[in-house]
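Participant: Sequence isn't available, so here's the structure alone:
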Ligand code: ADP
Ligand code: MG
């Protein structure tokens, strides 16, 4: 099997005036299709910076990033936009749903941007909502301020899934949720992974990271550990938050 992600010596340096900060200091790792990877580390260790690079929202200062065997640095803006829209689904801590439109419209929007014909959108939208664990249609016409935090995050997961991306990238997806709701969101990730989806879960919380099958630990912009989580699926799901 070929890696879905291959990073070789990724460096990211931010420049603000005379001040240069190297936030990622030469990261190398590969991810294979179907992995459930957690990237963890304390606040400021470079997790979100790495997520932006993996999601092609930002580019590395040096090093090579290959996504599905393609060198990202050689892609045109159109190709990058296509990847963001169709190959990668994003879930963020702060949900990022549009507050004034319904659940259905929020989940449907990426389909519209990807040019999926109007007639095909409802069935795809419903399927994504079901996969994300929102199967009660009474929620579909609500706006996000009429939903609980856990429901909102599941709508955000549905939106991230709607274009059937190869990779789901989640940055602190449980950060704004209470324990129980966070647990439900992590169970949703486990189910998506069971059906073969590649998941990259970014978290500062080791208990959240313990839900993944592989854990990469970052410290101060370096990988200090990259190891398999040997516990069974059942044990991982039961990890208390
Ligand atoms: P984490 O997500 O692990 O908390 P980040 O990737 O957000 O860490 O940030 C890592 C470090 O990079 C922090 O010290 C942060 O201040 C710094 N950083 C992030 N973005 C920028 C930027 N645009 N300019 C300068 N420094 C930045
Ligand atoms: Mg962060």
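Facilitator: Received, thanks. Every value quoted in this text rests on a predicted model; they were computed, and no experiment measured them. Ligands and ions are numbered 1, 2, ... in the order given.
Participant: Chain neighbours aside, what residue packs nearest to residue 102?
Facilitator: The spatial neighbour of residue 102 that comes closest, neighbours along the chain excluded (Cβ to Cβ, 6 or more residues apart in numbering), is residue 141 at 5.0 Å. To be clear about C-beta, it is placed using only N, CA and C from the backbone, and glycine gets the same treatment.
Participant: Return the residues in contact with the one you found.
Facilitator: Counting by Cβ atoms under 8 Å, 6 or more residues apart in numbering, residue 141 touches 102-104.
Participant: Closest to ligand 2 out of the residues you listed?
Facilitator: When the contacts of residue 141 are compared for distance to ligand 2, the smallest value, 26.6 Å, is given by residue 103; criterion: Cβ to the ion.
Participant: Looks like that closest one contacts residue 155 (just checking).
Facilitator: Yes - if you go by Cβ atoms under 8 Å, residue 103 and residue 155 touch, sitting 5.2 Å apart.
Participant: which neighbours do the two share?
Facilitator: Overlap between the neighbourhoods of residue 103 and residue 155 consists of 129, 134, 144, 147, taking contacts as Cβ under 8 Å, 6+ apart.
Participant: what about the residue of the chain found nearest ligand 2, helix or strand, and which?
Facilitator: Using Cβ to the ion, the single residue of the chain nearest to ligand 2 is residue 48, 3.2 Å away. Under the criterion of DSSP states H and E, residue 48 resides in helix 47-54.
Participant: who in this structure is up against ligand 2?
Facilitator: Applying Cβ under 5 Å from the ion, one finds that the chain approaches ligand 2 through 47-48.
Participant: How much space separates residue 225 from residue 37?
Facilitator: With distances defined as Cβ to Cβ, to the nearest Å, the gap from residue 225 to residue 37 amounts to 13 Å.
Participant: did I read that right, residue 14 in a helix?
Facilitator: No - residue assignment for residue 14, taken from DSSP: H, G, I helix; E, B strand; the rest coil, gives strand, which places it outside any helix.
Participant: Assign the closest residue to it other than its chain neighbours to helix, strand or coil.
Facilitator: Taking Cβ to Cβ, 6+ apart as the measure, residue 14 lies nearest to residue 21, with 4.9 Å between them; neighbours along the chain are not counted. What three-state DSSP gives for residue 21 is strand.
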